[in-house]
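# Show me how the following folds:
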Amino acid sequence: MKQPTLVDAGPVSIAYETFGSPDDPTVVLIAGIATQMLGWPDGFCQGLADEGFQVLRFDNRDVGLSTHFHDAELPQVDLTPGATRTAPYLLGDMADDVAALLDALDLDRVHVVGFSMGGMIAQEVALRHPERVISLTSIMSTPSANVGEPTPEAIAALLSPSAKTVVEASDRAVETYAVVGSPGYPTDEAWLRATAEESYRRSNDPKGVVRQFAAVIASRDRRPGLRELAIPTLVLHGEEDPLIQVDGGHQTAAAVPGARLVTYPGMGHDFPQPLWPAFIGEITDHALRAQKEDR
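So this is what the prediction gives:
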């Protein structure tokens, strides 16, 4: 893995790296909860770059090598319906991080792609900074924490005790994706273990994950804003996703005028390698159509 670059982006420093040529249009990849930039597989990123894009992936705040909010009060995450939900920051703040990263890298308008929590952040980027977004792709995500809610088994896997060693991190990744991964496709256990181990070595901050989770559940329902969105939008979702169930994809697409929804039988809450050509093809076609309309 190449060494990421650290750049000041507003109130945070963000670790990022790129694939492809800076002369090509940029696709920004936003990762999900507790997931460092490594959650976007190198091969997937290179596949997009080979289609004629500069691909930018980065660590969200509170994971990896980007700024961690160690001094923030640790939120009490209460999933009880109707409970008051507060967080040190919201998904909108994380979307502003993305805009600040674009400023720092002198990138004007980009294609924004996010999975899971990253899809929620991508939606917020489109809502808060529409002038920066040529196209939006929301993958295995939702417009609201109350839509497509996880199964009891999936939320239990997500909230399982934090790993205390590299070996535990590796085992935990395999155990988690046995629950939330794709039942219709083989699990790439070697990649899961290698990514979990590298992520643990780069940065292990369970409290940061709690802060991210609090941001997800305390943030607004984006459907009212999405109904006014005039940005070409693509929604991809697995039909067997237990962590953000497929209704999250349906509701996202239903909210955005003209959005296109593609669902995949047998896909859960991960990126099965056999589906990479389909994902890359959909994202590429969507981005190229949006670029033509943008001229």
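
# Could I get the contacting residues of the most centrally placed residue in the chain?
Residue closest to the mean C-alpha point of the chain, counted by CA atoms, centre = their mean, is G118 at 2.3 Å. G118 is in contact with 29-32, 35, 60, 139, 141, counting by CB atoms under 8 Å, 6 or more residues apart in numbering. To be clear about C-beta, it is placed using only N, CA and C from the backbone, and glycine gets the same treatment.

# Of those residues, which is the most crowded?
Neighbour tally across those (other CB atoms under 10 Å): the maximum, 31 neighbours, falls on I30.

# Between which two of the contacts of G118 is the distance greatest?
Spatial extent of the contacts of G118 (CB to CB) is set by the pair N60 and I139 at 15.3 Å.

# ok, which stretches of the stretch 51-200 of the chain are strands?
For the stretch 51-200 of the chain, strands defined by DSSP state E, counting those that start in this stretch occupy the ranges 54-58, 110-115, 133-139.

# JSON lines for those strands, including distance to F279 and mean pLDDT?
Formatted as JSON lines, the strands of the stretch 51-200 of the chain follow (distance: least, CB to CB, whole Å; pLDDT from 0 to 100):
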{"stretch": "strand 54-58", "distance to F279": "13", "mean pLDDT": "98"}
{"stretch": "strand 110-115", "distance to F279": "9", "mean pLDDT": "98"}
{"stretch": "strand 133-139", "distance to F279": "8", "mean pLDDT": "98"}
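
# and the longest helix anywhere in the chain, what does it pack onto?
Criterion DSSP state H: the longest helix present in the chain is helix 276-294. Contacting helix 276-294 under the criterion 3 or more CB pairs under 8 Å, 6 or more residues apart in numbering; DSSP states H and E are the following elements: helix 42-50, strand 110-115, strand 133-139, strand 233-238, strand 260-264.

# Show me what counts as buried in stretch 235-243.
By neighbour count on 16 or more other CB atoms under 10 Å, the buried set for stretch 235-243 is 235-238, 240-243.

# ok, now stretch 48-56?
48-49, 51, 53-56.

# same question, stretch 182-198
Buried residues in stretch 182-198 (16+ other CB under 10 Å): 182, 184-185, 187-188, 191-193, 195-196.

# For that stretch, what is the spacing between the initial and final residues?
23 Å (CA to CA, to the nearest Å).

# Can you list the low-confidence ranges for the protein?
The model of the chain has pLDDT under 70 over residues 1-2, 78-84.

# Need the strands of the stretch 51-200 of the chain in CSV (columns: distance to A154).
Below are the strands of the stretch 51-200 of the chain laid out as CSV (distance: least, CB to CB, whole Å):
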stretch, distance to A154
strand 54-58, 25
strand 110-115, 15
strand 133-139, 17
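
# Nearest to P11 among those would be which one?
Going by CB to CB, the one of the strands of the stretch 51-200 of the chain nearest P11 is strand 54-58, 15.2 Å.

# Name every strand pairing with the closest one and say which way it goes.
Applying DSSP bridges to the sheet, strand 54-58 is found paired with strand 12-19 (antiparallel), strand 26-30 (parallel).

# what does the shortest one contact?
Contacts of strand 26-30 from elsewhere in the structure, counted by CB under 8 Å, 6+ apart, are 37, 40, 45, 48, 53-58, 60, 98, 101-102, 107, 110-115, 118-119, 121-122, 125, 283, 287.

# cutoff 6 Å now
Strand 26-30 is contacted by residues 40, 48, 53-57, 107, 110-114, 118, 121-122 when judged by CB atoms under 6 Å, 6 or more residues apart in numbering.

# Compute the inter-axis angle for it and strand 133-139.
Counting by axes from the mean of the first three to the mean of the last three CA atoms, to 10 degrees, strand 26-30 lies at 40 degrees to strand 133-139.

# Repeat that for the longest one.
Going by the same axes, to 10 degrees, strand 12-19 is angled at 90 degrees with respect to strand 133-139.

# out of the strands of the stretch 51-200 of the chain, nearest to A259?
Of the strands of the stretch 51-200 of the chain, the one closest to A259 (CB to CB) turns out to be strand 133-139, at 8.6 Å.

# Spit out the contact partners of A255.
143, 223, 226-227.

# Grab the nearest non-local neighbour of it.
Nearest non-adjacent residue to A255, counting by CB to CB, 6 or more residues apart in numbering: L226, 3.9 Å away.

# just to revisit the earlier point, farthest-separated two in the buried residues of stretch 48-56?
Longest span within the buried residues of stretch 48-56, CB to CB: E51 and L56, 14.6 Å.
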